[in-house]
Structure formats: C-alpha cells, structure tokens
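Participant: Can you look at this prediction? I've put the sequence above it.
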Amino acid sequence: MATDSLPLFHRYEGILRDPAVDFAAHQPLPDALRMANDARHAVYYAPFDHLNPKARLVLVGLSPGRAQALVALETARRELLSGSDDVTAAATAKHAASWSGPIRRNLVRMLDFLGVAARLDIASTAELWTTRTDLVHFSAALRYPVFVGAKNFNGAGVERSPFLLGQVDSYFAAECAHLTHAMFIPLGAAAQVACDRVVARGLIRPEQVLVGLPHPSGANAERVAYFLGQKTREALSAQTRPEPIDLARESALRLIAAWLP
C-alpha cells in the first residue's frame, strides 16, 4: 500500500483550498491551522512539508515566521486552485516562502563567496530558488511556524523546552534520515542546536555540518559585511567581535573547498 508522503498537507487541504478563509486576517494564523501548543508556544500548520531527498545542500533555519507562512499558504492555495497536484503545490509553496526577501540576498552572497555555487557547478546559488531547486532542501529546526502569543518565536530556550525539542525530533530529525549525503548549513543558534542533536543521534555525520555562518538577516548586516570582506576590522562597532567571524570564515572555506557534492 502506498504511503502518504504529505499527511499534514492532506489534513489541512480543505482550508488551503477554501477561498473564503483569509489567512492574513488572523493573528497569528487561523485557529483551524493550530497543530499543537504548550503553556508558552503554539505551532501552526503552513505547507513546509516538501522533502527533496536528492538535495546536495540543506539550509537550516529556526522556523518559518508569519510572513513566510502567509506566502506558503497563499502559494499553495493558488497552485491547488489552478489545478496543480498536491506534490507540486507543496513543493512550489515551500520554495516560494523559504528564505524570502532581503534575507535571501544576504544568504546568496555568503554562499557564493564561500564557493558553494562553484562546487555545485552553477553560476550562483540564487539558482537554488529558480532553475536548480533539485540541488537544495530548505529546512528548519522547527519545521512549522511557532509563535509566542502573536509574535514569531525568536529561538530563545529551544534547547531547554521538551515541547520544542519534540518538534525537532518529529520533523527535522525525520528529514535528516533521508539526507545522509548532503551538506547542512545551520543559520542561527537554534538551527545549530538541531543539527548537533541529530549528529549526536547518528543521523548525520559531524563533517556534514558547516558551522558558524552569520545569520543572513538584515539585523546582522555588519557581521555579514565583515564575513564577506566588505567591512574592515577597524570599522566594526563595539557590538561585533571579529575573531569568531574570522574563524568561521576560515573553517567554512576549508570545508567547502574539500566538499565533493
């Protein structure tokens, strides 16, 4: 008997297809999409289910935020109502929403700087969102959007929360079991916690994880600029320590140079 590869997508397909439901009118999202919660956190469904087991690169974030969730939900609805099958709708929604906006531009700049595009034999890692989606899997420590009240969860304390670690084990760890030959790039402390957790469980090897890249958010612009060599050490503010960034850059360049995708 065939196994359903998108069980949650199918569970919520009715609301995805329903044009009467205005996703953006609810804070943080419609209550019908709530999957689970504890006393502090609430997890909502958005179509981030698609898995690319042939990916050579896995980009790991914290969790989709509300803006990304809305893009994914609205893209999935548009695809379904235009006649796309479920697999296509889920894949298109995830690619449209993953690392969208200015954060994607910073990420592409860092990956190209490290030589990832050259190792994948493409002109730029921007192609991972357009013509070469076959090479990448977009992931997150927490696959589905997590909120504290109406606010995006910021990652604080994920390693101390049994509820959130259960989400890591249920979804991220399950993905890793299908991605045993890919390079993982965690972006942010919570993503690193998730990668360390699956390494400890033996699901991926330590040498598959590229550690220490600055998070590509706009709020991290100075660290990204220094990582790329676009800002000198002397020009850094007191809030930015150059030594960890230097070490991360050197380690990442060595790892990518030795990588055989």
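Facilitator: Received, thanks. Everything quoted here is computed from the prediction, not taken from an experiment.

Participant: When you work out contacts or count neighbours from here on, use the C-alpha atoms and nothing else.
Facilitator: OK.

Participant: can you give me the strands in this structure?
Facilitator: For the chain, the strands defined by DSSP state E occupy 34-37, 42-44, 57-61, 136-140, 146-148, 151-152, 183-186.

Participant: do you know how far residue 23 is from residue 59?
Facilitator: 26 Å (C-alpha to C-alpha, to the nearest Å).

Participant: What of residue 228?
Facilitator: Taking C-alpha to C-alpha, one finds residue 228 at 19 Å from residue 59.

Participant: for residue 128, same thing?
Facilitator: On the measure of C-alpha to C-alpha, residue 128 and residue 59 end up 11 Å apart.

Participant: list residues touching both of those two?
Facilitator: Listed as contacting both residue 128 and residue 59 by C-alpha atoms under 8 Å, 6 or more residues apart in numbering are residue 136.

Participant: just for this structure, where's the confidence low?
Facilitator: Applying pLDDT under 70 to the chain picks out residues 1-4.

Participant: So which residue of it lies furthest out from the middle?
Facilitator: The outermost residue of the chain, judged against the average C-alpha position, is residue 234 (32.8 Å), by C-alpha atoms, centre = their mean.

Participant: How far away from the center of its chain is stretch 25-38?
Facilitator: 20 Å (C-alpha atoms, centre = their mean, to the nearest Å).

Participant: Quick one: end-to-end length of that stretch, please.
Facilitator: 24 Å.

Participant: hmm, who's touching it?
Facilitator: By C-alpha under 8 Å, 6+ apart, stretch 25-38 touches 12, 23, 42-46, 66, 147, 149-151, 163.

Participant: are any of the residues you listed buried, and which?
Facilitator: Among these, those classed as buried by 16 or more other C-alpha atoms under 10 Å are 23, 42, 43, 44, 45, 46, 66, 147, 163.

Participant: Tell me how many other residues crowd the residue lying closest to residue 176 once chain neighbours are set aside.
Facilitator: Nearest non-adjacent residue to residue 176, counting by C-alpha to C-alpha, 6 or more residues apart in numbering: residue 203, 6.3 Å away. Neighbours of residue 203 under the rule other C-alpha atoms under 10 Å: 18.

Participant: which residues sit in contact with residue 203?
Facilitator: 173, 176, 177, 180.

Participant: Roughly how far does it sit from residue 192?
Facilitator: Plainly put, residue 203 is 15 Å away from residue 192 if you go by C-alpha to C-alpha.

Participant: got it, and residue 171?
Facilitator: Residue 171 is 15 Å from residue 192, by C-alpha to C-alpha.

Participant: Then residue 218?
Facilitator: From residue 218 over to residue 192 (counting by C-alpha to C-alpha), the distance is 20 Å.

Participant: So these two - more neighbours on which side?
Facilitator: Neighbour count, other C-alpha under 10 Å: between residue 218 and residue 192, residue 192 has more, with 21 against 13.
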